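Chemist: predicted coordinates and the sequence they were generated for:
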2 protein chains.
Amino acid sequence: MATIKDVAREAGVSVSTVSRVINDNGYVSDDKRKNVLNAMDILGFRPSNIARGLVSGKTYTLGLVIPDISNPFFPNIARGVEDEAIENNYNLILCNSDWKIEREDMYISLLIEKRCEGVVLVGSRSLESDLLKIIGKMPFVSVDREMVQAGHSVWVDNELGAYTATKHLYEMGYRRVVHISGPTSARTAKARLAGYMQAVEEFGHHEPQIVESDFRRSGGYEAAWKILEQEGSHRPDAIFAANDLMAIGVLQACEKLGIKCGTDLGVVGYDGIGSGAYTSPTLTTIFQPGYEMGRRACQLLLEEIVNPSKRRIKEVFNFELLVRSSTQRMTEE
Amino acid sequence: MATIKDVAREAGVSVSTVSRVINDNGYVSDDKRKNVLNAMDILGFRPSNIARGLVSGKTYTLGLVIPDISNPFFPNIARGVEDEAIENNYNLILCNSDWKIEREDMYISLLIEKRCEGVVLVGSRSLESDLLKIIGKMPFVSVDREMVQAGHSVWVDNELGAYTATKHLYEMGYRRVVHISGPTSARTAKARLAGYMQAVEEFGHHEPQIVESDFRRSGGYEAAWKILEQEGSHRPDAIFAANDLMAIGVLQACEKLGIKCGTDLGVVGYDGIGSGAYTSPTLTTIFQPGYEMGRRACQLLLEEIVNPSKRRIKEVFNFELLVRSSTQRMTEE
DNA sequence: TTGTAGGCGTTATCAA
DNA sequence: TTGATAACGCCTACAA
């Protein structure tokens, strides 16, 4: 690949002149400029951003560490981050951590060595102190988890969301709500569980009942099966699943068992993934504005990079309760 | 951030010695090695891959140019590419082109300047000759589109898939199949249209009927509405939509119109996105193995990078007809 | 308006 | 075994 020297030689000028026309700064006569442009064209010259980066210390690259891009909750976030990044001339390195702490660590180290200027961390599960040790002084923004000691954070109030979801079930007339939680090692799972607990305490006339699962559809399916086997007055008439994927699993279990969701069993999910609008019945859920959160996270990151500040920003986004058929006791029209 | 020089000074050795312990090559006495390791630790030294890249010419970075990561067909591909990449110590720069040729071009240029070692191009819509001009000699693999003049390609036979889908409808007893196509500017849309045409010719006793749409759910919804307004003997009893998103739109239109999909109207989609298994009714579709294609594409790319060859590999993956409820004339049970 | 030279953080070659 | 030193491709004073 042609270098700036090659161009200089071809154009019969010095490298600094070439540099000047590339960066469009300093004085260059129209004559020489034309020659240079011409030479670049002939040689198919493309400046090396890595050499530039060495000099300038800027790589215009950000990292995105996300659990799993093929999980429907995350693509919107990723898209938001990317849109904001590219508008500011930054690129994104995609890192799927699979919720594994070692992978997260490994990626962050890699990103540092690649001299990424910052990283958006989505749904991190690492211990914060460990994380900070690894991440060093690289700017970062956390999405879907509040960081306590450093970095900016963007998230929604999981506890309040879960509370709202559960409360909604009682308000729709369901009497006995059981919760299918995510793995309680996950902070979000814990928060949603807490929200459920509080709503049960306030509105339920029964003990809370929790089945721990794994945030996956199959996990929701199995959990529902277990729950719905129960007979008699203990039989729940509503389920709040800690995410939509598990809620969809619940819907499927109901279909197999001949239980009519909505009428016989209220179901609420969490996240607001697109396909919840197409299930049968359509899924009531707590919608989280993933795209906006991703976009905002990236914006905060870029601000921090351009203008490092001492303050730490925390933004709590509003969720939205999307009421759909899975919590309608009457058959819809 | 500490440099190799700082480490050398701190450890009381020369930079070359430090370099030797970093890369674990050449001779270093245990004594000095320990000093160096210690110094690196104290200073929190992280080698700069960008400086290394300048010297070695290797960046261990690949580009992934994909239309839209938030479109459910693509995350699996992306995940496949990323998994293969990271196993080989490569990172991925994520680029959402939105199917826009200018964005694609812009990203490719950027990737070249960043000295990515190669790029996986998913669903490119650029004219091949233009593409090659921009992409220069950077290795690339095309997914979901066959390239004729350069690069490797990985795709499924869209024409055969569409043929199979349409044929399936006739075999299930539907008589009049209409096609909702993607934008005919898209190669895949054209190929699927062709497959439909051929199946109609072979098995249908009617003229082909095509409604062009946009690969989006809303587009499918509107197209279905248009189609189902028709009265009398011309009223189609089956729809083959060129992708699942549009097929889901069809299901929704049917729900609104009180038409029972499956029984009254056969519906087949294309892609095999996850949510098709949860719709009502569940969606018959042509499944494309996105993860495997992505993974294989990346593998081919890496092979090409390590060992550039003159040959050009084309791999056609098998699709799978997933027969579900939307093409069952009897109510299930 | 143009060119020369030093430096960005590493690796690699060569002497010592 | 170790240490200078010249690249790598580019930018930026500084000088002319």
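Modeler: That came through fine.
Chemist: how about the strands in chain A?
Modeler: A:61-66, A:91-96, A:118-122, A:140-143, A:152-156, A:177-181, A:209-212, A:238-241, A:266-271, A:284-287, A:314-317, A:320-322 (DSSP state E).
Chemist: so which of the ones you listed gets nearest B:Arg324?
Modeler: Closest approach to B:Arg324 among those (CB to CB): strand A:266-271, 21.6 Å. For glycine as for every other residue, the C-beta is placed from the backbone atoms N, C-alpha and C.
Chemist: what comes into contact with the closest one?
Modeler: Taking CB atoms under 8 Å, 6 or more residues apart in numbering or on different chains as the criterion, the residues outside strand A:266-271 that touch it are A:72-73, A:161-162, A:165-166, A:168-169, A:172, A:174, A:177, A:192, A:237-248, A:250-251, A:254, A:261, A:276, A:283-288, A:326-327, A:329.
Chemist: count the residues that sit near the residue lying closest to A:Ala162 once chain neighbours are set aside.
Modeler: Excluding the flanking residues, the one nearest A:Ala162 by CB to CB, 6 or more residues apart in numbering or on different chains is A:Gly195, at 2.8 Å. When neighbours are defined as other CB atoms under 10 Å in any protein chain shown, A:Gly195 has 26 of them.
Chemist: how far away is A:Gly195 from A:Glu201?
Modeler: According to CB to CB, to the nearest Å, A:Gly195 and A:Glu201 sit 11 Å apart.
Chemist: and the residue of the stretch 51-200 of chain A nearest DNA strand D?
Modeler: Closest approach between the stretch 51-200 of chain A and DNA strand D, counting by CB to the nearest atom of the strand: A:Ala51, at 3.5 Å.
Chemist: what's the local residue count around that residue?
Modeler: For A:Ala51, the number of neighbouring residues by other CB under 10 Å comes to 16.
Chemist: ok, now A:Ala2?
Modeler: Around A:Ala2 there are 15 other residues, counting by other CB under 10 Å.
Chemist: if I look at the closest residue in space to A:Ser325 that isn't next to it in sequence, how far off is DNA strand C?
Modeler: For A:Ser325, the nearest residue in space outside its immediate sequence neighbours is A:Pro281; the separation is 3.5 Å by CB to CB, 6+ apart. Applying CB to the nearest atom of the strand, to the nearest Å, the value for A:Pro281 to DNA strand C is 58 Å.
Chemist: what's the neighbour count on A:Pro281?
Modeler: Number of residues near A:Pro281 (other CB under 10 Å) recorded here: 20.
Chemist: cool, A:Asn38 as well?
Modeler: Burial of A:Asn38 is recorded as 13 neighbouring residues (other CB under 10 Å).
Chemist: surely the residue of the stretch 51-200 of chain A closest to DNA strand D meets B:Leu54?
Modeler: Yes. Counting by CB atoms under 8 Å, a contact exists between A:Ala51 and B:Leu54, whose distance comes to 5.8 Å.
Chemist: which residues are in contact with A:Val316?
Modeler: Residues A:155-157 are the ones in contact with A:Val316 under the rule CB under 8 Å, 6+ apart.
Chemist: got it, and A:Glu159?
Modeler: Residues in contact with A:Glu159, defined by CB under 8 Å, 6+ apart, are A:191-192, A:194-195, A:198.
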